[in-house]
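Undergrad: Please find the sequence and the predicted model below.
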Amino acid sequence: MAVTTEPSNHLEHKGYNRGLILGLTMAESMLLLVFCLLLVAAAIINNERTKTLNDQKSLQQQVIAAQQELATAKLEREDLRQKLQTAEDRLKQAQEQLQTLTLASVDREKFEKEWRDLQLAKQELQELKDSGVTLEKVEEFQKTLVVLKENQLPENADALSARLKELRAAETSLAASKPHEWPPIINLSEADGNYFRSGSAELEAAFEAKLRGVVSDQIADALQKYQVDVIEVVGHTDEQPISRRGSNLDQTVMDVLNGKKSVAGVVAADNAGLGLARAVSVANALKSEGKLKGATILPLSAAQLILPGDVITTGLAGAAEETRRRIEIRIRRRNLEKQVAE
């Protein structure tokens, strides 16, 4: 069998290559490895040093904060100590003053008597409160006594009652001797700023406030003065036609008058219906006032028939007139004839 022999120089080169790592000898490779380890160690040491420095800074800041808190606590403790000392001094002074305030026997008896009187007054005041007597009622009674004295009327209840009957009889006799006076008619027209919402029976806020305030007060005074008990609320319109084909007035007017529905839902097809709806709206506003509780309020409609001044219109449609769009309030005495059953 033939053996192939390699040249000697090739064998030598091959053996040399066996001692190389990435072209470096073993010694060089070891040096390189040691250098890399030194770099890693240096990085670790540097990182630890940085962390140590940061920890030292944080610790120093905490020490400074603790020192500041300690200084503040010392100041507060000193302030508290001074306040405590002041309080002790004041307590000592109060005790000394209390020891010097010794009541003599005469003063003690006077003090005990005043105390008993105070307790008795307190008991009497409680009895008055239990019986319904209050400071307000006493003040009103004093005012009444002043009025009685100013008008030279007796303060005795029986004598006062008799005198009031005499005065009432004289007033009745005097009223009978005067000619009859008719209650005034209250006219609330749009020309005076008493508005409803356009094409509606809803009251504007200002008009409603006026009805609940000045107007209701005026009506209440007239009811008392003329001894009447019926309020007629008459709705008037101008002669401008209403362009609606249908009306729900017959179905809704009673519910609106009784407060079950809002007047905003009422639809009137003519001026007569619009006048009635607006009269109902005003009547509801007046009914809510307690001062008019005893009166009967009747909503009525005059449509466009009656001009201001109680004059019948000629029937000629003209321009819209604010003076004709109005509410008239008339008051009278109830008709005492027997009501006819339906």
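TA: That came through fine. The shown structure was predicted, so the numbers you read here are calculated from the model rather than taken from an experiment. Residues are numbered from 1 along each chain as shown.

Undergrad: CA atoms for contacts and neighbours, from now on please.
TA: Fine.

Undergrad: Need the three-state assignment for residue 132.
TA: Counting by DSSP: H, G, I helix; E, B strand; the rest coil, the backbone at residue 132 sits in coil.

Undergrad: Check residue 116 too.
TA: Applying three-state DSSP: residue 116 is helix.

Undergrad: Quick check: the gap between it and residue 123.
TA: In this view, residue 116 and residue 123 are 11 Å apart by CA to CA, to the nearest Å.

Undergrad: which neighbours do the two share?
TA: Listed as contacting both residue 116 and residue 123 by CA atoms under 8 Å, 6 or more residues apart in numbering is no residue at all.

Undergrad: Now find how far off-centre the longest helix along the chain is within its chain.
TA: Ranked by residue count under DSSP state H, the longest helix found in the chain is helix 26-100. Between the centre of helix 26-100 and the centre of its chain there are 55 Å (CA atoms, centre = their mean, to the nearest Å).

Undergrad: tell me the mean pLDDT for that helix?
TA: The pLDDT scores in helix 26-100 average 86.

Undergrad: Next: stretch 158-170.
TA: Rounded mean pLDDT across stretch 158-170 is 73.

Undergrad: where along the stretch 201-342 of the chain do the helices fall?
TA: Along the stretch 201-342 of the chain, the segments classed as helices by DSSP state H, counting those that start in this stretch run 205-210, 216-226, 249-257, 271-287.

Undergrad: could these be laid out in CSV, adding mean pLDDT and mean neighbour count?
TA: Listed next are the helices of the stretch 201-342 of the chain as CSV, based on pLDDT from 0 to 100; neighbours: other CA atoms under 10 Å:
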stretch, mean pLDDT, mean neighbour count
helix 205-210, 90, 15
helix 216-226, 91, 16
helix 249-257, 88, 16
helix 271-287, 91, 24
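
Undergrad: mind giving me JSON lines with those and columns for distance to residue 232?
TA: Putting the helices of the stretch 201-342 of the chain into JSON lines (distance: least, CA to CA, whole Å) gives the following:
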{"stretch": "helix 205-210", "distance to residue 232": "17"}
{"stretch": "helix 216-226", "distance to residue 232": "11"}
{"stretch": "helix 249-257", "distance to residue 232": "14"}
{"stretch": "helix 271-287", "distance to residue 232": "9"}
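
Undergrad: Residue 326: which of these is closest?
TA: Residue 326 lies closest, by CA to CA, to one member of the helices of the stretch 201-342 of the chain: helix 271-287, at 8.9 Å.

Undergrad: Which secondary structure elements does that closest one sit against?
TA: Judged by 3 or more CA pairs under 8 Å, 6 or more residues apart in numbering; DSSP states H and E, the packing partners of helix 271-287 are strand 230-236, helix 249-257, strand 296-303.

Undergrad: which outside residues touch that helix?
TA: 196, 200-203, 208, 211-212, 216, 233-239, 241-242, 249, 253, 256-257, 259, 263, 266, 268, 292-293, 297-304, 327.

Undergrad: filter those residues to the buried ones?
TA: Neighbour-count burial (16 or more other CA atoms under 10 Å) applied to the contacts of helix 271-287 gives 196, 200-203, 208, 211-212, 216, 233-239, 249, 253, 256-257, 263, 266, 268, 292, 297-304, 327.

Undergrad: what about the strands in the stretch 101-250 of the chain?
TA: For the stretch 101-250 of the chain, the strands defined by DSSP state E, counting those that start in this stretch cover 186-189, 230-236.

Undergrad: Of those strands, which is nearest residue 82?
TA: The closest of these to residue 82 is strand 186-189. By CA to CA, the value is 78.3 Å.

Undergrad: Can you give the strand pairings for that closest one, parallel or anti for each?
TA: Looking at strand 186-189 with DSSP bridges, its partner strands are strand 326-332 (antiparallel).

Undergrad: Could you quantify the relative orientation of the partner strand and helix 216-226 as an angle?
TA: Inter-element angle recorded for strand 326-332 and helix 216-226: 30 degrees (by axes from the mean of the first three to the mean of the last three CA atoms, to 10 degrees).
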